[in-house]
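A.B. asks: Give me a 3D structure for the following:
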Amino acid sequence: MSRPIVAFIGIGLVAVGILIGFSVWWTRGAHMELSGQILKVRLHPADESSAIAILDFRFTNPADYRFVVRAVRVVLRGKDGAEVEGDVISDVDIRRVFDYFPALGQKYNETLMAREKIAPKHTLDRMISARFDLPESALSERQAFLIRVEEIDGVVSEIAEKRP
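C.D. replies: Numbers count the residues shown, from 1 in each chain. Presented below is the predicted three-dimensional model:
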């Protein structure tokens, strides 16, 4: 190949690379996904064969658009890696649980609920609670809890517990 053709191809590749980089930079705020971490996990037996998990967490909406919650799920990843979905407890019922079991402490944050709107570039502290048909010991021996938040358009964000 001649030198001018190689130079022309090189300039063309650089131009395409710049265009791709610019388009990625331009749309960086359009990605709808929550990021966050689970701050505190509280467990309490409901009876011999079931337990309640209360998760306090912090999350951020890094997008340039409002995130509207469709559904929130709590999943337990057991020590064997199997995932078990818990039954989410409503805000009214979890207030009663806190009243009935003072050993749980106080309710620090509001419950993340369906139809809640998270503003762009905003960070919030929330909680979610769920009942599992497993004894408290199975919840204590878990690999991690996962909070799955589904956006109104179907995007699912996952916030995973980091265990030592």
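A.B. asks: could you give me the average pLDDT of stretch 151-162?
C.D. replies: Averaging pLDDT along stretch 151-162 gives 92.
A.B. asks: Enumerate the positions of it that are buried.
C.D. replies: Using 16 or more other Cβ atoms under 10 Å as the burial criterion, the residues of stretch 151-162 that qualify are 151, 157, 159, 160, 161. Using the backbone N, CA and C atoms, a C-beta is placed for each residue, glycine as well.
A.B. asks: next one: the longest helix seen in the chain to chain centre, how far?
C.D. replies: Longest helix in the chain by number of residues (criterion: DSSP state H): helix 3-26. Relative to the chain's own centre, helix 3-26 is displaced by 38 Å; criterion: Cα atoms, centre = their mean, to the nearest Å.
A.B. asks: do the same with stretch 128-142
C.D. replies: 18 Å.
A.B. asks: Give the next helix or strand downstream of the worst-scoring helix or strand of the chain on mean pLDDT.
C.D. replies: Using mean pLDDT, DSSP states H and E, helix 3-26 stands out as the lowest-scoring helix or strand of the chain, at a mean of 78. Next helix or strand after helix 3-26 toward the C-terminus (DSSP states H and E): strand 35-47.
A.B. asks: Convert the C-alpha atoms of that following strand to PDB, please.
C.D. replies: Taking Å, rounded to 0.1, in the frame of the first residue of the first chain, the C-alpha atoms of strand 35-47 are listed here in PDB:
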ATOM      1  CA  SER A  35     -26.400   2.200  42.200                       C
ATOM      2  CA  GLY A  36     -26.000   1.700  45.900                       C
ATOM      3  CA  GLN A  37     -25.200  -0.300  48.900                       C
ATOM      4  CA  ILE A  38     -26.900  -2.100  51.800                       C
ATOM      5  CA  LEU A  39     -25.900  -0.300  55.000                       C
ATOM      6  CA  LYS A  40     -27.600  -2.400  57.700                       C
ATOM      7  CA  VAL A  41     -29.300  -5.800  57.900                       C
ATOM      8  CA  ARG A  42     -31.500  -6.800  60.800                       C
ATOM      9  CA  LEU A  43     -33.000 -10.300  61.200                       C
ATOM     10  CA  HIS A  44     -35.700 -11.500  63.500                       C
ATOM     11  CA  PRO A  45     -37.500 -14.800  63.700                       C
ATOM     12  CA  ALA A  46     -41.200 -14.600  63.000                       C
ATOM     13  CA  ASP A  47     -41.700 -18.200  64.200                       C
END
